[in-house]
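Trainee: Quick one, structure for this:
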Amino acid sequence: MTTRSPRSSDAIAIPVAPLRRLVVVIVVVAFLVVAGSLVIGQRDRVSVLLGGTPVAYVDTSTYQSVVLVTNQVYFGRLRIDGDVYLLSDVYSFSASSDASTGTVQLVKRGSELNGPAEPLVIPGRSVLFFENMRTDSQVVQAIAKIKSGQTSTLPPTAAPTATATPTRTPAPSASR
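Mentor: I've put the predicted structure just below:
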């Protein structure tokens with residue numbers, strides 16, 4: 001029995017340069033995918049670093065309306081701290097507003113059963129948008145009336161576009 005020694009004609013030659021390029025391309029693509037996912041996951045912090053922050057748009061001399069993704073609307077003095085929206089001197093529309101006449105009552109937050117303390121802390125992901133309010137708006141004038149000791153009912157023309165949704169208490173589900 002004769003053993004055959006490997007000859008150079010039996011070997012497969014793989015060029016090293018294209019193989020190195022392929023490895024470099026794979027490493028670069030993997031790095032870009034990881035970096036991209038980190039940037040997307042931390043987009044709020046990255047936007048602050050790049051100067052694109054909503055803090056610059058808050059007018060501290062007036063009230064802001066904050067609309068949540070649940071269509072709840074709050075009015076107050078807004079301060080943004082990173083990805084947290086802090087609202088103080090908070091007002092909202094009463095759930096007991098009269099739908100038949102179209103009037104809406106504005107109430108100061110804090111007299112609820114749970115006795116919430118200020119500020120109202122809202123995660124940034126829950127905020128749909130916020131707006132600075134003019135000092136001559138009906139809501140700001142209604143806030144001034146409430147602060148002077150009067151109750152404030154807004155006329156039908158001032159009814160909000162995004163109505164406040166009353167919070168529902170969870171009901172137990174039927175068991176099997």
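
Trainee: any low-confidence regions in the chain?
Mentor: For the chain, the stretches with pLDDT under 70 are 1-9, 43-53, 95-102, 152-176.

Trainee: Okay, buried residues for the helix or strand residue 39 falls within please.
Mentor: Using DSSP states H and E, the element containing residue 39 is helix 16-41. Of the residues in helix 16-41, none count as buried by neighbour count, 16 or more other C-beta atoms under 10 Å. In short, each C-beta sits where N, CA and C put it, glycine included.

Trainee: next one: stretch 57-69
Mentor: Applying a neighbour-count criterion of 16+ other C-beta under 10 Å, one finds 58, 63-68 buried in stretch 57-69.

Trainee: Which of these sits closest to residue 146?
Mentor: Nearest to residue 146 out of these is residue 63 (C-beta to C-beta; 12.0 Å).

Trainee: Tell me where the chain has strands.
Mentor: 64-68, 73-81, 84-93, 104-108, 120-123, 127-132, 152-154 (DSSP state E).

Trainee: can you put the ones you listed in JSON lines and add distance to residue 22?
Mentor: Output for the strands of the chain, formatted as JSON lines (distance: least, C-beta to C-beta, whole Å):
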{"stretch": "strand 64-68", "distance to residue 22": "50"}
{"stretch": "strand 73-81", "distance to residue 22": "47"}
{"stretch": "strand 84-93", "distance to residue 22": "46"}
{"stretch": "strand 104-108", "distance to residue 22": "66"}
{"stretch": "strand 120-123", "distance to residue 22": "44"}
{"stretch": "strand 127-132", "distance to residue 22": "46"}
{"stretch": "strand 152-154", "distance to residue 22": "68"}
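
Trainee: wouldn't residue 68 be in contact with residue 122 here?
Mentor: Yes. Under the criterion of C-beta atoms under 8 Å, residue 68 makes contact with residue 122 at 7.0 Å.
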